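Q: just coords:
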């Protein structure tokens, strides 16, 4: 029996249907990825399913949910009360229990801090305990504390003080706190760094939760999903298997659709020519041809063409000098916290550099130092000549919510100059899939993906020989991502890319600057996969050296004669020690083989970490057993 069912669903905004009598089933254990172009209605579909049984947010059709199933939902921009604490936000979806748990949490803190009347607080706590026991809410509290700890959050922190990545973790914790059988996730990787994304991948796979999610992260798709469902022109099409399997099948389907449309258009053209020949010609032909022509006209009018592709064009303008920037032993701190420590690098024209590191590591600070916008505390920064920088800001601060699309692209003018050619701003917006009737719409009416597309249009409307792209992939659909990759690969200028999209990094950059921790940064050749492979090799080498440094176990000698004065228990221990040592050495060898496989560091980083920790413990255990064995052997030898 399915967990969720969508039947004959219809939903339209304006004259374009987002869902056109669509059907969908979500079976237990599935991890389904919902993909499609920006603006096709993916988030609306997910919200309709999250609303529950009935029509809900649909114009027509129904949503059915298996009775008793708990559904967790994480929207793209989760709504939180900035004044609440993390604990209050996590338990807010637990019904009446959430109010009691929040009150109990407050009273506990007041008593711990000695605030208020102790006797009154004690009485209040006793009353709350009885109410909590009556509704069985203690299990909810334990689950809430468990997920808060799992996501590395501070239960007492104010929601308003959290970063974008922490708020995304909070939203996931809130959804998981009710232990859902079904989890609906809208762009779960946005604002998360690479380590957090890989952790989320492993968590979703290991928990076995039934999943329906929207994402444009192609690495995440390939690792997590078991089925792809594409929303295209109001219809849902299912593709079993990975994202790579979907791409192969989709290419064939699009080719077949294009051929069918071409045949239909040819037939319509022939019938239109026939009908214009006049009454005399029509008398000699069957009436059914007139009827067929009417049918072909209706079908052609009803056919919704596939959305066009974004037309990206980037003008690098005047070439910069060969040297863009040179840094020697640069350092920068904020208070006592070092953000950049002893960093040296030479950036030349045409370099395409990826900057990776956890949230809060200082990626933006490093870029500002490289471009001379921030003065270092130590070291020297030398800038090249004729540098013209353009920024893509992940927070979209350049987009005023009340500004129209036209004003964002070309304020005060109806034209933009692209590559030496003059183009009307309306036509330029059409290149980025914005229809002419939307050109005067405010920015606030756009979806997240459309705002990113508009920011790219603004960025590319002016020549620049140095591009700084800070998380440009958030909310962009996969087709636009691939076009942007192709554009950047052919860009003649210098590129700095901050991104957590591993596939995008691999396809665009030629070198990587990675955070090493404690303010240290290091330069590597290649993209994300090259960096990850190098780090995996370092870890393997460290494990091998640690194993080689351990003294080899001596072969156990035969048990001593029974006339020694060891106790019976010690004699048994001495006899068992060789087997215990052999078992540990066998486990050590197996762990060494696992850690020697580079794929484990991408497919199961937590498992790799556990294996490395266990390997270190085995070394200590072996040393302890060897010392004990030598002690017992010496005593038995002296008493033989």
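A: Perfect, thanks for sending it. This one's a predicted model, so the numbers in the text were calculated from it and none came from an experiment.
Q: Can you classify the residue nearest to residue 530 when sequence neighbours are not counted by secondary structure?
A: Once flanking residues are discounted, residue 530 sits nearest to residue 524: 6.5 Å by C-beta to C-beta, 6 or more residues apart in numbering. Yep, even glycine has a C-beta here, placed from its N, CA and C like the rest. The three-state label given to residue 524 by DSSP: H, G, I helix; E, B strand; the rest coil is strand.
Q: Thought residue 531 was touching residue 524, still the case?
A: Yes - in this structure residue 524 lies within contact range of residue 531 using C-beta atoms under 8 Å: 4.9 Å.
Q: where do the contact lists of those two overlap?
A: Common neighbours of residue 524 and residue 531 are listed as 512, 514 (criterion: C-beta atoms under 8 Å, 6 or more residues apart in numbering).
Q: Compare those two and say which is more crowded by neighbours.
A: Looking at residue 524 and residue 531 with other C-beta atoms under 10 Å, you find the greater number of neighbours at residue 531, namely 24 against 17.
Q: ok so, going back, spell out which residues sit in contact with the residue nearest to residue 530, please.
A: Applying C-beta under 8 Å, 6+ apart, we find residue 524 in contact with 511, 512, 513, 514, 530, 531, 534.
Q: For the fourth one, what is the enclosing helix or strand?
A: Following DSSP states H and E, the helix or strand that holds residue 514 is strand 511-517.
Q: For that strand, give the mean pLDDT please.
A: Model confidence over strand 511-517, given as mean pLDDT, is 93.
Q: now stretch 255-262
A: So the average pLDDT for stretch 255-262 ends up being 73.
Q: What pLDDT does the model give residue 303?
A: Here the pLDDT value assigned to residue 303 is 56.
Q: coming back round to it: which ChimeraX command selects the buried ones in the contacts of residue 524?
A: Listed next is the ChimeraX selection for buried residues among the contacts of residue 524, using 16 or more other C-beta atoms under 10 Å:
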select :511,512,513,514,530,531,534
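Q: ok, the contacts of residue 524 vs residue 193, which is closest?
A: For the contacts of residue 524, the minimum distance to residue 193 (C-beta to C-beta) is 11.7 Å, reached by residue 514.
Q: looking at it, that closest one is touching residue 521, isn't it?
A: Yes - distance between residue 514 and residue 521: 6.9 Å, which falls inside the contact criterion (C-beta under 8 Å).
Q: any residues in contact with both of those two?
A: Taking C-beta under 8 Å, 6+ apart as the contact criterion, the residues that touch both residue 514 and residue 521 are residue 357.
Q: where do the helices sit along the stretch 101-250 of the chain?
A: Counting by DSSP state H, counting those that start in this stretch, the segments of the stretch 101-250 of the chain that form helices are 118-134, 138-150, 164-176, 194-207, 218-224, 243-275.
Q: out of those, nearest to residue 112?
A: Residue 112 sits nearest to helix 118-134 of all these, at 10.1 Å, using C-beta to C-beta.
Q: Tell me if I'm right that residue 444 and residue 402 touch.
A: Yes - between residue 444 and residue 402 there is a contact under C-beta under 8 Å: 6.8 Å.
Q: ok, those two, which is more surrounded?
A: Between residue 444 and residue 402, counted using other C-beta under 10 Å, the more crowded position is residue 444 (11 against 8).
Q: May I have the residues that are in contact with that one?
A: Contact analysis of residue 444 by C-beta under 8 Å, 6+ apart lists 401, 402.
Q: Surely it is within a helix?
A: Yes - secondary structure of residue 444, determined by three-state DSSP: located in a helix.
Q: okay, it: pLDDT?
A: Looking at residue 444, its pLDDT is 84.
Q: Cheers, nothing more for now.
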